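Undergrad: return atomic coordinates for the entry below.
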Amino acid sequence: MAKFVKKPKATPAISTASLPDIVFMLLFFFMVTTVLRETTLKITNKVPRASQLQKLEKKSLVSFIYVGKPKETNVYGTEPRIQVNDVLIAPRDIPRFVFQEKDNLDEAERDKLTISLKVDVETKMGIVSDVKQQLREADALKINYSCVQAVSKD
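TA: Model prediction:
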């Protein structure tokens with residue numbers, strides 16, 4: 001009777017042919033799902049909390065105005081400032097900002113532009129009144145106050 005000798009089996013090599021496809025699929029996935037920050041805040045902005053909120057329908061028709069104390073107090077002082085996009089402006093420059101934002105929209109959507117005010121909790125109402133007055137002069141009458149959802153204690 002013959003003896004059977006078991007030969008050691010070689011493990012097959014792992015195919016790396018599909019590895020670039022997987023890497024590009026992951027890269028594409030993260031490029032599509034990642035949201036980049038649009039503006040870099042130069043002010044402190046802790047928005048107030050509210051219990052009844054309503055989401056905006058079309059975010060492309062919303063422009064933000066930030067109001068709060070500057071982060072760099074040695075450069076901009078300690079008084080509340082107004083920031084639009086990445087620039088600190090004076091209240092008198094708000095109509096120019098509104099007209100620029102309206103120019104970026106289609107003709108049919110210009111009347112639907114909503115200005116969202118993101119005002120810091122510690123900000124006094126005087127500068128907010130100045131902003132609202134300038135928005136009236138620029139005929140931007142759709143104003144929204146941004147806030148975060150308050151945690152309900154049930």
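
Undergrad: what's the mean pLDDT across the helix or strand hosting residue 25?
TA: With secondary structure defined by DSSP states H and E, residue 25 is part of helix 19-33. Per-residue confidence for helix 19-33 averages out to 90 on the pLDDT scale.

Undergrad: direction included, what does the next helix or strand after that helix pair up with?
TA: Scanning forward in sequence from helix 19-33, with DSSP H and E defining helices and strands, the next element found is strand 49-50. Here strand 49-50 is paired, per DSSP bridges, with strand 148-149 (parallel).

Undergrad: residue 51 reaches residue 150, doesn't it?
TA: Yes. At 5.0 Å, residue 51 and residue 150 qualify as touching, with contact defined as Cβ atoms under 8 Å. For the C-beta atoms, the positions are set from N, CA and C on the backbone; glycine is no exception.

Undergrad: the two: which is more packed in?
TA: Applying other Cβ atoms under 10 Å to residue 51 and residue 150 shows that residue 150 carries more neighbours, namely 12 against 9.

Undergrad: please report how far that one lies from residue 46.
TA: Relative to residue 46, residue 150 is positioned 14 Å away (Cβ to Cβ, to the nearest Å).

Undergrad: what do you get for residue 56?
TA: For residue 56 relative to residue 46 (Cβ to Cβ), the value is 20 Å.

Undergrad: got a list of contacts for the helix or strand of the chain with the lowest mean pLDDT?
TA: Sorted by mean pLDDT, DSSP states H and E, the helices and strands of the chain end with helix 73-76, the least confident at a mean of 85. Applying Cβ atoms under 8 Å, 6 or more residues apart in numbering, the external contacts of helix 73-76 come out as 42, 70, 88.
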